[in-house]
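Asks: Fold the following, please.
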Amino acid sequence: MPRYEYRCRPCGSTFELNRPMAESSAPAVCPDGHEDTVKLLSAVAVGGSASAPAPSGGGGGGGCCGGGCCG
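Replies: Residues are numbered from 1 along each chain as shown. This is a model prediction of the structure:
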């Protein structure tokens, strides 16, 4: 379930709530009971690598087909 971060306008505290995406825009009450809150935007970090492994075989070279069949 996604976690959303909110800020309370009256007391300035920030807090997080786990709720379904369908309820992400629903009003949220801060832990101190204030109802005037705003949902904060948060950055998403995605792990992994953007590089792909080199193809095996073909003799190297380059070009449109790896240099194995172009003439």
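Asks: hang on, His34 packs against Gly12?
Replies: No - using Cβ atoms under 8 Å as the test, His34 is too far from Gly12 to be in contact (10.0 Å). Every residue, glycine included, has its C-beta placed from N, CA and C.
Asks: More neighbours: those two, which one.
Replies: His34 (15 against 9; other Cβ atoms under 10 Å).
Asks: so what pLDDT did that one get?
Replies: In this prediction, His34 carries a pLDDT score of 97.
Asks: now swap in Ser51 and tell me
Replies: 65.
Asks: what does Gly71 give?
Replies: 59.
Asks: One more: Pro27?
Replies: Per-residue confidence for Pro27 comes out at a pLDDT of 91.
Asks: where does the protein dip in pLDDT?
Replies: Along the chain, segments meeting pLDDT under 70 span 44-46, 48-71.
Asks: Neighbours of Leu41, how many?
Replies: Using other Cβ under 10 Å, Leu41 has 5 other residues around it.
Asks: measure it to Gly33 for me?
Replies: Computed as Cβ to Cβ, to the nearest Å, the Leu41 to Gly33 distance reads 24 Å.
Asks: ditto for Lys39
Replies: Applying Cβ to Cβ to Lys39 and Gly33 gives a distance of 18 Å.
Asks: Of those two, give the one with the bigger neighbour count.
Replies: Lys39 (15 against 9).
Asks: and the nearest residue to the more buried one once chain neighbours are set aside, how many neighbours?
Replies: Closest residue to Lys39 apart from its sequence neighbours, by Cβ to Cβ, 6 or more residues apart in numbering: Tyr6 at 5.5 Å. Tyr6 has 17 neighbouring residues, counting by other Cβ under 10 Å.
Asks: OK, contacts around Tyr6?
Replies: By Cβ atoms under 8 Å, 6 or more residues apart in numbering, Tyr6 lies in contact with 14-17, 28, 30, 37-40.
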